[in-house]
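Q: quick one: sequence and predicted model below, then my questions.
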Amino acid sequence: MKIIWEFHFSKNRCILIDMNDGEIRKNIPWLIWQLFFSAKPELYGMSEAHDLTILQMFAVCLLEPDHEVPMNSLSGMLHCDASNVTGIVDKLVSLSLVNRQESTKDRRIKIIKLTVDGLILREELLKRMSSMSIPDLSVLSKQEQETLSGLLLKLLADKP
């Protein structure tokens, strides 16, 4: 059975094109990608509300409270080039969301840390993400949500 889907950003969903039902159900990375893209409009709205790009917003969320992070580590966490991280951090510094300073061990290394404003924004963003309408987690039972959470954490266990 072939399934032809259409792409509708206005309906907050990305749809597969011309894949059979078996291919759709077995292609886990593609399904995860679809899930991410269905949430993209809402994520962009969240970031734009704070004058941030989506990568800048993710950087704020990835930084842990009271934890200093070398900029090159943030580059790895965001899976982007170090030169891009410089621009991301420049913006976050200009908005007083992070502090940037030289490492006391090696002046070539720049360390970043969330400010109080950054901590407040991080908490707000993470709360909003947990209540996003996409995906609609209410279609899953509490047990299914716990299982999904556990599986995702297992998949992310070796990631920075």
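A: Done, it's in.
Q: over to the spatially most central residue of the chain: give its phi and psi.
A: Centrality entry for the chain: nearest residue to the mean C-alpha point is Phe58, 4.7 Å, by C-alpha atoms, centre = their mean. Main-chain dihedrals, Phe58, degrees, to the nearest 10: phi -60, psi -40.
Q: what residues sit buried inside the lengthiest helix in the chain?
A: Ordering each helix of the chain by length in residues (DSSP state H) puts helix 28-48 first. Within helix 28-48, the residues scored as buried using 16 or more other C-beta atoms under 10 Å are Gln34, Phe37, Ser38, Ala39, Leu43, Met46, Ser47. C-beta coordinates here come from the backbone N, C-alpha and C atoms, glycine included.
Q: and stretch 115-123, by the same measure?
A: Those would be Thr115, Gly118, Leu119, Leu121, Arg122, for stretch 115-123 by 16+ other C-beta under 10 Å.
Q: let me know the closest of the buried residues of helix 28-48 to Gln145.
A: Gln145 lies nearest to Ala39 out of the buried residues of helix 28-48, by C-beta to C-beta, at 15.9 Å.
Q: ok, and the closest non-adjacent residue to the closest one?
A: Ile134 (4.5 Å; C-beta to C-beta, 6 or more residues apart in numbering).
Q: that neighbour reaches Glu42, doesn't it?
A: Yes - at 5.5 Å, Ile134 counts as touching Glu42 under the criterion of C-beta atoms under 8 Å.
Q: any chance you could map the helices in this structure?
A: Assigned by DSSP H, the helices in the chain fall at 21-26, 28-48, 54-62, 71-78, 82-94, 116-130, 142-156.
Q: could you chop this protein up by domain?
A: Domain assignment of the chain by automatic domain parsing yields the ranges 1-44, 50-132.
Q: now, of those domains, which is deepest in the fold?
A: Among those, domain 50-132 has the highest mean neighbour count (mean count of other C-beta atoms under 10 Å), at a mean of 15.
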